[in-house]
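In: sequence-free structure coming up:
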């Protein structure tokens with residue numbers, strides 16, 4: 001699903017215009033990004049946790065030439081899905097009843 005499709009779905013479900021839905025969606029994303037930048041972590045119950053992690057410098061290889069290179073240390077955003085999201089994607093199957 002693309003951002004445009006998601007905005008259209010929200011607009012339809014909430015009876016808001018697409019412009020208002022886009023504004024709400026953009027505000028939510030901007031707040032998540034601002035929180036991650038400021039605090040290093042943003043948790044959304046039922047969805048998961050976005051967290052900044054430090055990646056150390058490490059050796060790598062240029063895939064085109066095969067030449068060794070050093071990948072600089074940097075910050076990356078990691079997402080850990082909540083149990084509710086994992087369960088929604090992988091529903092628990094009920095065990096079969098034993099035959100008599």
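Out: Done, it's in. Since the structure is predicted, the reported quantities are computational estimates derived from the model, not experimental observations.

In: Name the nearest residue to residue 61, ignoring sequence neighbours.
Out: Of all residues not flanking residue 61 in the chain, residue 68 sits nearest, at 5.8 Å (CB to CB, 6 or more residues apart in numbering). All C-beta spots, glycine's among them, are computed from the backbone N, C-alpha and C.

In: Next one, pLDDT for the one you found please.
Out: For residue 68, the model assigns a pLDDT of 96.

In: before we move on, what about the one 4 residues further on?
Out: The model reports residue 72 with a pLDDT of 97.

In: Which of the three states applies to residue 77?
Out: strand (DSSP: H, G, I helix; E, B strand; the rest coil).

In: Specify the beta-bridge partners of it.
Out: residue 52 (DSSP bridges).

In: next one: residue 43
Out: If you apply DSSP bridges, the partners that residue 43 bridges to are residue 49.

In: So which residues of the protein form helices?
Out: 3-14, 18-39, 83-89 (DSSP state H).
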